[in-house]
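> quick check, what structure comes out for this input:
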Amino acid sequence: MRKRPSIKVIIEKHNDGYVAYPIGLKGTVVGQGDTYDEALTDVRSTIRFPIETFGAKVIDLDESILEAFVAEAEVS
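Presented below is the predicted three-dimensional model:
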């Protein structure tokens, strides 16, 4: 049995819902939903398409992302 890839996902909360996008996946893949769980479910579904269509080469394996952080930076 082949191990499934584990892809980290950023989920943003906006006034009108949630947006989710993966880190380390080549191309643009976005999920959305009214709730956190809906956005996560949607992005999982959208991640499957490029992997099933183009194979594991769409996953950027050269860059190992351990964690993702959110920070604010003032811009003058």
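> okay, and the beta partners of the residue positioned nearest the centre of the chain?
Centroid-nearest residue in the chain: residue 22, 1.5 Å away (criterion: Cα atoms, centre = their mean). The partner list for residue 22 in beta bridges (DSSP bridges) reads residue 9.
> need the pLDDT of it.
Per-residue pLDDT puts residue 22 at 85.
> wait, it sits on residue 28?
No. The pair residue 22 / residue 28 is not scored as a contact, 9.9 Å apart, by Cβ atoms under 8 Å. For glycine as for every other residue, the C-beta is placed from the backbone atoms N, C-alpha and C.
> need the residues that contact stretch 30-41.
Residues outside stretch 30-41 that contact it (Cβ atoms under 8 Å, 6 or more residues apart in numbering): 9, 11, 13, 17-21, 42-46.
> neighbour count, distance to residue 33 and secondary structure added to these, as CSV?
Compiled in CSV, the contacts of stretch 30-41 are given as follows (neighbours: other Cβ atoms under 10 Å; distance: Cβ to Cβ, whole Å; DSSP: H, G, I helix; E, B strand; the rest coil):
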residue, neighbour count, distance to residue 33, secondary structure
9, 17, 12, strand
11, 16, 9, strand
13, 11, 11, strand
17, 14, 6, strand
18, 20, 5, strand
19, 17, 9, strand
20, 23, 8, strand
21, 18, 13, strand
42, 17, 5, helix
43, 25, 9, helix
44, 14, 11, helix
45, 11, 11, helix
46, 18, 11, helix
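> which two of the residues you listed have the greatest separation?
Using Cβ to Cβ, those span at most 19.7 Å, a distance reached by 13 and 45.
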